[in-house]
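Asker: sequence first, then the predicted structure:
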Amino acid sequence: MSETLTILGLESSCDDTAAAIVRKSTGTAPEILSSVVHGQNDLHAAFGGVVPEIAARAHAEKLDISVEEALAESGIKLSEIDAIAVTAGPGLIGGVLSGVMCAKGLAAGLGIPLVGVNHLAGHALTPRLTDQVAYPYLMLLVSGGHCQFLIARGPDEFTRLGGTIDDAPGEAFDKTARLLGLPQPGGPSVETVARSGDPKRFAFPRPLMDRPGCDLSFSGLKTALLRARDAIIAEKGGLTEQDRADLCASFQEAVVDVLRKKTERALKEYLALSPDNPVLAVAGGVAANSAIRAGLETVCAKYQTQFTAPPLKLCTDNAAMIAYAGLERFQAGHQDDMHLAARPRWPLDKRAPAMLGSGKKGAKA
Ligand code: KG4
Ligand code: ZN
């Protein structure tokens, strides 16, 4: 039986308030009818990081507006929406709560189903939204709060092969920017400055690189950068533009090296299990980095594996990915009710042991 579903998605788990409408008909590719994102960089700029209370208040203020804008942009009326999908975790609890409350209000008012979505599943299913990648596939999820290798087998079925034991790469980029006086979010600023730098000037560590398995670590890298910065300041009294560029380039190359090596290991493990589906997809904000993408592409070429990376605006937080993940969950028969809880932690692979550490978004679920 042919069916068309139109889903309104809401996202508010960190520092972006987003609403989007995604439509899918049986046998056709999903369509993003609208995707509205209101960032909060200006609100947090003075604090050097996301302030949870400020974020939660801004989400509460911006959610309704975002929904109105998403409806206007798509030309869809509220009465045409079949279900509401909302990020129910993991993330900063105040923000997640704002989104869940807004979604409950809409679902109850319209008398339509509510579907809670794991933010990480939103990122992890993005290659299906953008490229209709079939299950299973290997996913490298790299963002400001997360870093893990997952085998995606279904909308609720993930196997984690490894992940960070401390910082996420996005967090390391953000901290690096802060240490060098560059604007937040750090990823894009460090990437831009690194373009005119020498990646060989500083020999930064590649933590856990020679340890077996797919776990990663980035906190030592940040400490090494701090030491290198302080050594230059002690010697010359300050940093030149070139020092900054060289520090950024050397830092970024270390991240690329670690991700390339660990991805190769994860890919070998994955291909041994699923030789017929050689696909690596990358998602999350850090997937916007072109040096990282290029590094992963070389690994994929070596193993005749298809490489998929979403367009930049679907790498960072957005609600289209939440609407789409909600659509898949809903089609698989999942629905929530007014008891849907906001969860600060929500691991994708329920069988994997909890990761250590705690990132920008609270937990390395
Ligand atoms: O997925 P996302 O929007 O939010 C989380 O779920 O964390 O990712 C945001 C993170 C930030 O840490 C930001 O610095 C990083 O992604 N990021 C980048 C780049 N663009 C964004 N990191 C490295 N290079 C980039 N071009
Ligand atoms: Zn995210």
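Answerer: It's in. Residues are numbered from 1 along each chain as shown. Ligands and ions are numbered 1, 2, ... in the order given.

Asker: my guess is G94 contacts V50, does it?
Answerer: No: between G94 and V50 there is no contact under CB atoms under 8 Å: 10.9 Å. Glycine gets a C-beta too; all of them are placed from N, C-alpha and C.

Asker: looking at these two, which one has more neighbours?
Answerer: Taking other CB atoms under 10 Å, G94 and V50 do not tie; V50 has more neighbours (22 against 19).

Asker: spit out the contact partners of the more buried one.
Answerer: For V50, the contacting residues are C14, D15, Q40, H44, L92, K360, by CB atoms under 8 Å, 6 or more residues apart in numbering.

Asker: residue contacts, the residue of the stretch 201-350 of the chain found nearest ligand 2?
Answerer: Taking CB to the ion as the measure, the point where the stretch 201-350 of the chain comes nearest ligand 2 is D317, at 4.4 Å. If a contact means CB under 8 Å, 6+ apart, then D317 has E11, S13, C14, D15, D16, A18, V37, H119, G285 as its contacts.

Asker: list, out of the residues you listed, those positioned next to ligand 2.
Answerer: Checked against ligand 2 using CB under 5 Å from the ion, the contacts of D317 yield no neighbours at all.

Asker: what's the weakest-modelled helix or strand in the protein?
Answerer: When each helix and strand of the chain is scored by mean pLDDT, DSSP states H and E, helix 41-44 comes last, with a mean of 82.

Asker: elements contacting that one?
Answerer: Contacts defined by 3 or more CB pairs under 8 Å, 6 or more residues apart in numbering; DSSP states H and E place helix 41-44 against helix 52-74.

Asker: how far off centre is the helix it packs on?
Answerer: In terms of CA atoms, centre = their mean, to the nearest Å, the centre of helix 52-74 is set 19 Å apart from its chain centre.

Asker: stretch 250-261 too?
Answerer: On CA atoms, centre = their mean, the centre of stretch 250-261 falls 18 Å from the chain's centre.

Asker: cool, and stretch 104-117?
Answerer: Worked out by CA atoms, centre = their mean, stretch 104-117 lies 25 Å from the chain centre.

Asker: next: stretch 141-161.
Answerer: 10 Å.

Asker: enumerate the residues of the protein near ligand 2.
Answerer: Residues of the chain found near ligand 2 (CB under 5 Å from the ion) are S143, D317.
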